[in-house]
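Visitor: what follows is a predicted structure for the sequence shown.
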Amino acid sequence: MPDFPGSLLSLPVIAAGSAAAAVALFMAAVVLHARAEAGLAVLVGILALTAVFGPLGIFLGAVQVTPYDLLCILFVFVAAIRWSRQSLSLAHIVWIGFGGSIFYSLILGVGRFGMESAGNEARVSGLFYFWASAAYFSSFDRTADTERRWVGVLACGGAVLTVLVLFRWGLELAGIEIAPRGREIGAAPFRVVPSEEAMFLVALLLITVRRALDHSAGRAPAWLWAAAAVLMLEVLLLQHRSVWLGALAGLAVLIVLEWDRVRRLLPYVAGTGVLVGLLAAAMLTKGTLDGTVTALSYSLQNEGTMEWRVEGWADLLAQWQNAGGLEKLFGGPFGTGFRRYMASLDVEVERSPHNSYVTLLLRVGVLGLALFALAYVLGAINLVRLRRRHGSNERVDYLLCVLAAQCVYFVFYDLHIMQAVFLGAAIGLCAAPEERPAQVPVGDTAVGRSA
């Protein structure tokens, strides 16, 4: 016989908990609607906690719910409200269309494979997270004041990651065994955070160097160059080769954009390089850097991961070529999986393709991939147009650099929610000409659009 009193007593608790959760979500939506930096702070906070403790989340039955799930639902809700009161640009419309292609694939996947399989694959691919984050941040203006707050939030997240990286390096050098995420089997000990967190440090590196260049006409604060040096060292020693390539692409764009300022600093860069080289040579002679050299040699010489990635891409693309016309155009449903044969490993695997463009082609088809690429192209074109109209601009420059770095990084890794912040900011600047301010002083960060 059921225990009715106990059941009845639980009903008020359930009702009270549901009401409290509803109020909390409503208040969170109000705050997120009012200030984009609040959403950015939550996003950076989750990234930092994940870096420290690993993936966060709870299981509700067979379905895992993570903080990113709840946050992205709120992001979409707030973006829809803000968009309804704004004049949307072509880039916004393209991004909404890209979101439609994601939901189409997700609905088909839920119908065919169930919520668990379709939802888990959508989470692993990062497509919904990335779209929701970019949609949210594209709905906000960024004045000079909000820009400072945005960069301040990013800097706080970077400081937490830097302390974590240095702490783990210290444990490694002290001989204390740790097993952080992001390290490959047999990899050198300096890889203590995964690539998505290393890529976040790359974005901070590009922002820091660009800000230091903005001061170079006078004298840049020493702490700016010191911060850039620490970030550069971290990116190098974390040994994610794909992140290296992304960082090089971003720095190359920055050099092209700010060549006149960079050229004036070349003597100082050369002198610093000589001093660092002499110091490194002295340390190598004494054997101090033997562990570091071994670690870097491993990253430069090991081709195992790249070999099986390329094999996997080829097999997945062959499967896509054999698909029907509708699947080629709109993609296969989430939950289909990414099973392919790895000749070098002589085994079939079921895991992420480790290539955002291949994932996009398989899950949202040619149409979705084209919309994704078009959003980046429109954002970059508008940033270049703003730069030509108003002159050198710190925010425009670092957004161009970060977008370039991402386009390279996505060849080797999946989309990540944190990277969407910068695309969203670029899309948010794609306003109609009449909505842009008539004149913006050179170096001002108040280039934006009206809500």
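Guide: That came in fine, so what should we check first? Numbering: from 1, shown residues only.
Visitor: pLDDT weak spots in the stretch 1-150 of the chain?
Guide: Filtered on pLDDT under 70, the stretch 1-150 of the chain yields the residue ranges 1-11, 13-15, 17-18, 60-63.
Visitor: change it to 50
Guide: Residues of the stretch 1-150 of the chain that meet the criterion pLDDT under 50 lie in 1-9.
Visitor: show me the strands in this structure, by range?
Guide: Shown for the chain, the strands assigned by DSSP state E span residues 58-60, 63-65, 339-342, 347-350.
Visitor: any idea how far F410 is from R261?
Guide: Applying C-beta to C-beta, to the nearest Å, the value for F410 to R261 is 29 Å. From N, CA and C alone the C-beta is placed, and that goes for glycine too.
Visitor: which of these two has more residues huddled nearby?
Guide: F410 (23 against 18; other C-beta atoms under 10 Å).
Visitor: for the closest residue to that one other than its chain neighbours, give me its contacts.
Guide: Of all residues not flanking F410 in the chain, S356 sits nearest, at 3.8 Å (C-beta to C-beta, 6 or more residues apart in numbering). By C-beta atoms under 8 Å, 6 or more residues apart in numbering, the contact set of S356 is 126, 410-411, 413-415.
Visitor: among those residues, which ones are in helices?
Guide: Of the positions in these, not one sits in helices, assigned by DSSP state H.
Visitor: compare these and tell me which is most surrounded.
Guide: Neighbour max across those (other C-beta under 10 Å) = L415, 26 neighbours.
Visitor: isn't that one right up against S125?
Guide: Yes. At 7.2 Å, L415 counts as touching S125 under the criterion of C-beta atoms under 8 Å.
Visitor: hey, what's in contact with both of the two?
Guide: Shared contacts of L415 and S125 (C-beta under 8 Å, 6+ apart): T359.
Visitor: how near is the residue lying closest to F190 once chain neighbours are set aside to L43?
Guide: Excluding the flanking residues, the one nearest F190 by C-beta to C-beta, 6+ apart is L237, at 4.5 Å. Applying C-beta to C-beta, the value for L237 to L43 is 26 Å.
Visitor: ok, A135 next?
Guide: 13 Å.
Visitor: ok so, going back, what number of residues lie near the residue nearest to F190?
Guide: 18.
Visitor: same check on S87?
Guide: A count of neighbours around S87, defined by other C-beta under 10 Å, yields 13.
Visitor: do the same with G57
Guide: Neighbour count for G57, taken as other C-beta under 10 Å: 14.
Visitor: which residue packs closest to it, ignoring adjacent ones?
Guide: Nearest to G57 is T66, by C-beta to C-beta, 6+ apart, at 3.7 Å.
Visitor: where in the stretch 151-300 of the chain is pLDDT low?
Guide: For the stretch 151-300 of the chain, the stretches flagged by pLDDT under 50 are 182, 184-186, 288.
Visitor: where exactly do the helices run in it?
Guide: For the stretch 151-300 of the chain, the helices defined by DSSP state H, counting those that start in this stretch cover 195-214, 222-237, 241-257, 259-285, 290-301.
Visitor: go through the second one and flag the buried ones.
Guide: Judged by neighbour count using 16 or more other C-beta atoms under 10 Å, the buried positions of helix 222-237 are 224-225, 227-228, 230-232, 234-237.
Visitor: wait, V165 touches V192, no?
Guide: Yes. Here V165 reaches V192: they are 5.9 Å apart, a contact under C-beta under 8 Å.
Visitor: and for these two, which residues touch both?
Guide: L238.
Visitor: follow-up on the earlier one: redo the strands of the chain as CSV? Include mean neighbour count and distance to L265.
Guide: Listed next are the strands of the chain as CSV, based on neighbours: other C-beta atoms under 10 Å; distance: least, C-beta to C-beta, whole Å:
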stretch, mean neighbour count, distance to L265
strand 58-60, 8, 50
strand 63-65, 15, 48
strand 339-342, 16, 46
strand 347-350, 10, 47
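Visitor: would TSV of those strands with distance to V52 be doable?
Guide: Converted to TSV, those look like this (distance: least, C-beta to C-beta, whole Å):
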stretch	distance to V52
strand 58-60	18
strand 63-65	19
strand 339-342	33
strand 347-350	29
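Visitor: of all those, which one is nearest L201?
Guide: strand 63-65 (27.3 Å; C-beta to C-beta).
Visitor: ranges for the helices of the stretch 301-450 of the chain?
Guide: Under DSSP H, counting those that start in this stretch, the stretch 301-450 of the chain gives helices at 304-321, 325-330, 356-390, 394-409, 420-428.
Visitor: again with the stretch 1-150 of the chain
Guide: Under DSSP H, counting those that start in this stretch, the stretch 1-150 of the chain gives helices at 4-34, 36-53, 67-83, 90-113, 115-125, 127-137, 144-173.
Visitor: wait, what's in contact with I96?
Guide: Going by C-beta under 8 Å, 6+ apart, the list of residues near I96 reads 83, 88, 135.
Visitor: excluding chain neighbours, what is closest to the second one?
Guide: This points to L88. Nearest residue to L88, sequence neighbours excluded (C-beta to C-beta, 6+ apart): I96, at 7.8 Å.
Visitor: over to L317?
Guide: Spatial nearest neighbour of L317, excluding adjacent residues (C-beta to C-beta, 6+ apart): V358 at 6.8 Å.
Visitor: pretty sure that neighbour contacts A314?
Guide: No. Using C-beta under 8 Å, V358 makes no contact with A314, being 9.8 Å away.
Visitor: neighbour count: these two, which is higher?
Guide: For V358 versus A314, neighbours defined as other C-beta under 10 Å are more numerous around V358 (22 against 14).
Visitor: follow-up on the earlier one: make CSV from the contacts of I96 and add distance to W150 and neighbour count to it.
Guide: What follows is these, written out as CSV (distance: C-beta to C-beta, whole Å; neighbours: other C-beta atoms under 10 Å):
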residue, distance to W150, neighbour count
W83, 20, 16
L88, 22, 18
A135, 17, 26
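Visitor: looking at those, which is nearest Y104?
Guide: Closest to Y104, out of all of the contacts of I96 and judged by C-beta to C-beta, is A135, at 16.2 Å.
Visitor: show me the contacts for that closest one.
Guide: Here A135 is in contact with 75-76, 79, 95-96, 99, 424 (criterion: C-beta under 8 Å, 6+ apart).
Visitor: tell me how far it lies from W95.
Guide: 6 Å.
Visitor: only C-alpha atoms, please: export stretch 402-421 in PDB.
Guide: The C-alpha trace of stretch 402-421 is given here as PDB (Å, rounded to 0.1, in the frame of the first residue of the first chain):
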ATOM      1  CA  VAL A 402      40.500  36.100 -33.200                       C
ATOM      2  CA  LEU A 403      38.100  35.200 -36.000                       C
ATOM      3  CA  ALA A 404      41.100  34.300 -38.200                       C
ATOM      4  CA  ALA A 405      42.600  32.200 -35.400                       C
ATOM      5  CA  GLN A 406      39.300  30.300 -35.000                       C
ATOM      6  CA  CYS A 407      39.000  29.500 -38.700                       C
ATOM      7  CA  VAL A 408      42.300  27.700 -38.500                       C
ATOM      8  CA  TYR A 409      41.600  26.100 -35.100                       C
ATOM      9  CA  PHE A 410      38.300  24.700 -36.200                       C
ATOM     10  CA  VAL A 411      40.000  22.500 -38.800                       C
ATOM     11  CA  PHE A 412      41.300  20.400 -36.000                       C
ATOM     12  CA  TYR A 413      38.700  20.700 -33.200                       C
ATOM     13  CA  ASP A 414      35.000  21.000 -32.600                       C
ATOM     14  CA  LEU A 415      33.200  24.300 -32.000                       C
ATOM     15  CA  HIS A 416      33.300  25.600 -28.500                       C
ATOM     16  CA  ILE A 417      30.900  27.900 -26.800                       C
ATOM     17  CA  MET A 418      33.500  30.300 -25.600                       C
ATOM     18  CA  GLN A 419      34.800  31.000 -29.100                       C
ATOM     19  CA  ALA A 420      31.200  32.000 -30.100                       C
ATOM     20  CA  VAL A 421      31.500  35.200 -28.000                       C
END
